[in-house]
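Student: please work out how this folds:
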Amino acid sequence: MIWTNLITVSGKITLPPVTIAPPTPTHGYFAAAEGLMRGVVVLAASHPVPSTALTFVAAHVLECLLKAILSKRGMSEKDLKDKVRRHNLARLWQDAAAGGPPFTTAIPAWVDRLNGLHDRPFFLRYPTTVHGLVLPATPSMVEELAALLPQVREEVLR
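Tutor: Purely as a prediction, here's the structure:
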């Protein structure tokens, strides 16, 4: 049997207190968008693509991205949730475009189509008065939404 000498060392290290920044609407909206974008990617890669579910989640991702950037630029929660903006993707897009990139003044066709489904009367959520839905083209919607995410992240997290 071989014995080795054990050396015991002790010391004291003092670390600064751990702090967590308080939550903000900006970061909350962005966190929701980023988390749900993973779902968009998974749904888009499914065969067959569950188009209605994908469109529903994509619309919510876009709403959260728009509200994150508008919140970062100083828009109040009250204004973000007023009757004019609440789920109106076109209006939120216009407001975001007024502040400059990454949003353009021309509303993309996929955003306009999403708005018609996502805003009142909420056809995507409650298709009680329609026989069918015309959804945005999946590839361009997913591609453009995915391209917006890092651009919004850059502005929101600085």
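
Student: what mean pLDDT does the host helix or strand of Val40 have?
Tutor: Assigned by DSSP states H and E, Val40 belongs to helix 25-45. Mean pLDDT, helix 25-45: 97.

Student: same thing with stretch 112-124?
Tutor: 95.

Student: going forward, the N-terminal residue is numbered 24.
Tutor: With the count now opening at 24, the last piece we talked about shows up as stretch 135-147.

Student: residues of that stretch that come out buried?
Tutor: Neighbour counts over stretch 135-147 (16 or more other Cβ atoms under 10 Å) mark 136-138, 140-142, 146-147 as buried. (Each C-beta comes from the backbone N, C-alpha and C, glycine too.)

Student: off-centre distance for that stretch?
Tutor: Centroid separation for stretch 135-147 versus its chain: 17 Å, with Cα atoms, centre = their mean, to the nearest Å.

Student: what's the first-to-last distance across that stretch?
Tutor: Terminal residues of stretch 135-147 are spaced 14 Å apart (Cα to Cα, to the nearest Å).

Student: contacts for that stretch?
Tutor: 75, 78-79, 81-83, 85-86, 109-113, 116, 130, 152-153, 156-159, 164 (Cβ atoms under 8 Å, 6 or more residues apart in numbering).

Student: then stretch 97-105?
Tutor: 48, 90, 93-94, 108-109, 118.

Student: now rank those residues by neighbours and give me the top one.
Tutor: Lys90 (26 neighbours; other Cβ atoms under 10 Å).

Student: quick check: chain neighbours aside, which residue is closest to that one?
Tutor: Tyr52 (4.5 Å; Cβ to Cβ, 6 or more residues apart in numbering).
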